[in-house]
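1. Coordinates for the following, if possible.
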Amino acid sequence: MLVGMSIEVLSLNDYKNISDINEDGKSFFENALKKAQFISELTGEIVLADDSGLEVDYLGGEPGIYSSRYSGNDATDSSNIQKLLKRLEGVTIEKRGASFKCVLVLYRPDGKYWSFEGSLQGIINEEPVGNGGFGYDPVFFLPELKLTVAQIPEEFKNRISHRATAINKFKEACKGNIF
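-> I've put the predicted structure just below:
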């Protein structure tokens, strides 16, 4: 998603001995900021970090920041989906509105930072459909396409997703030279 930008992109795999970061924030923004700040202070580099997940209206925003571990610390995509569908059992499709959310934080070593948000609106399907994607993609139904996210091609997903929206806002800000 960062192709075409005149920046060198490194991942945590390019650094040795980076410890896990405890994502104990109360929001996607807090977790993204914590990750970006920690890595920036450790490496002295400008860091772009994200936090993202699924928010279901009927469940008051659950699973939210706990999306990847919704069914416990040893959660899998399948166990998370099973828990979600169990929680929505008997709930009509009209009440199954949901959104994928993403918050990116760009953090500079001088402590200055910017955040960029993206979302994708949909409905939680009653059962998983499709083999693509990951996470909740098989149950995240896009009414305008009449498909789940797991049924759409990856290149199309990378243009419409919550992460793509946040990345595009980041790219737009970079044109103003925020570095």
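2. now stretch 150-160, how far from the centre of its chain.
-> In terms of C-alpha atoms, centre = their mean, to the nearest Å, the centre of stretch 150-160 is found 14 Å from the chain centre.
3. Flag every buried residue along it.
-> By 16 or more other C-beta atoms under 10 Å, the buried positions in stretch 150-160 come out as 150-152, 157, 160. Where you see a C-beta, it was placed from the backbone N, CA and C, and this is true even at glycine.
4. tell me which of the residues you listed is nearest to Phe116?
-> Taking C-beta to C-beta as the measure, Phe116 lies nearest Ile160 of the buried residues of stretch 150-160, at 16.1 Å.
5. give me phi/psi at the residue lying closest to that closest one once chain neighbours are set aside?
-> Leaving out its chain neighbours, the residue that sits closest to Ile160 by C-beta to C-beta, 6 or more residues apart in numbering is Leu120, at 6.5 Å. Per-residue torsions, Leu120: phi -140, psi 120 (degrees, to the nearest 10).
6. In this structure Leu120 contacts Ala166, no?
-> No. The criterion here is C-beta atoms under 8 Å, and Leu120 misses it with Ala166 at 10.4 Å.
7. Name the residue in the two with the higher neighbour count.
-> Ala166 (25 against 20; other C-beta atoms under 10 Å).
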